[in-house]
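S.K.: Predicted model follows, preceded by the sequence.
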Amino acid sequence: MRNSEVAQLLENVASLLEIREENPFRIRAYHEAARHIESMAEDIAKLHQEGRLREIPGVGESLAAKIDEYMRTGSLRYYEELKEQIAPGLGQLLEVPGVGPRRAKMIHEHLGITTIEQLRKAAEEHKLRTLPGIREKTEEKILREVQRLQERTRRLLLGVALPAAEQVVGMLKGHTAVQRIDPAGSIRRMKETIGDIDILAASHRPREVMAAFTSLPIVKEILLKGPTKSSVLVEGNLQIDLRVIKPDEYGAALQYFTGSKANQIAVRGQGIREGL
């Protein structure tokens with residue numbers, strides 16, 4: 001399901017509109033549509049294929065057209081234009097949990113910060129606490145989140161990432177709720193460097209798999225725990241993401257979560273052309 005992906009896109013648009021101080025009703029519309037898409041049980045790709053995007057609460061003609069463009073092409077021109085209209089790099093600050101659109105804009109306007117590395121240095125030098133609404137504890141929290149983000153986004157050598165993925169697969173393979181489990185993403189493509197470590201599992205009892213995964217002895221911190229997807233940090237601050245899929249959808253899911261973005265766009269385009 002691509003619901004989370006589309007919901008995040010709409011949240012990103014809302015954040016940029018908020019930085020530009022656009023109409024609050026317009027901003028709220030994006031937030032509301034994102035919330036409904038994130039929480040609905042039906043796959044948005046199916047609704048798109050059947051021409052039913054307008055059935056989603058909060059999705060009118062304009063939003064439906066933007067979602068359609070993104071589903072067909074893998075990008076949204078309106079979002080790219082918004083990014084060009086704000087200070088270069090300012091969108092990076094929105095990636096840091098706890099910053100948010102208004103705080104990102106304030107930090108940029110007062111300190112000229114446009115990158116995550118500049119934000120880290122400002123926090124280390126205690127410059128953030130001089131700004132309105134940012135106290136010592138808030139500054140410390142921002143610094144922690146920046147450090148975690150930088151750790152999670154660094155590229156890993158395949159020789160580091162593959163053993164970590166195989167260790168988790170080995171630990172979960174014997175669990176009674178797990179029918180299949182494999183590394184996915186760039187590890188399965190055997191790329192020289194890896195971002196996050198992606199693992200896919202097949203099960204009719206995803207909550208049990210999530211519970212087993214997040215309680216593994218190698219887990220240092222749980223970043224996200226959901227009914228079908230969880231993310232953890234293990235030794236070495238390696239981020240490992242696990243997704244649980246229904247067994248009869250596992251083959252298609254393994255292909256989807258292994259392919260690069262360009263591959264996904266090409267496969268999706270081929271499917272649309274063939275009416276699949």
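M.R.: Noted; the coordinates are in hand. Numbers count the residues shown, from 1 in each chain.

S.K.: State the phi and psi torsions of residue 115.
M.R.: phi -130, psi 160 (degrees, to the nearest 10).

S.K.: My guess is it contacts residue 90. True?
M.R.: No. In this structure, residue 115 is not within contact of residue 90 by CB atoms under 8 Å, at 9.2 Å. The way it works is simple: take the backbone N, C-alpha and C, and place the C-beta from them, glycine included.

S.K.: higher neighbour count, these two?
M.R.: The neighbour comparison of residue 115 against residue 90 (other CB atoms under 10 Å) goes to residue 90, with 20 against 13.

S.K.: Contacts only, for the more buried one.
M.R.: 19, 104, 105, 108, 114 (CB atoms under 8 Å, 6 or more residues apart in numbering).

S.K.: next one: residue 44
M.R.: Going by CB under 8 Å, 6+ apart, the list of residues near residue 44 reads 1, 2, 3, 6, 37, 53, 56, 67, 71.

S.K.: what do you get for residue 20?
M.R.: 82, 85, 86.

S.K.: Please tell me how far it sits from residue 102.
M.R.: From residue 20 over to residue 102 the distance is 12 Å, taken as CB to CB, to the nearest Å.

S.K.: What of residue 79?
M.R.: Residue 79 is 19 Å from residue 102, by CB to CB.

S.K.: Give me the more crowded residue out of the two.
M.R.: Neighbours per residue (other CB under 10 Å) separate residue 79 from residue 102, with residue 79 holding more: 18 against 13.

S.K.: got a winner among the contacts of residue 90 for most neighbours?
M.R.: Of the contacts of residue 90, with other CB under 10 Å as the count, residue 104 tops at 25 neighbours.

S.K.: Doesn't it belong to a helix?
M.R.: Yes. Counting by DSSP: H, G, I helix; E, B strand; the rest coil, residue 104 falls inside a helix.
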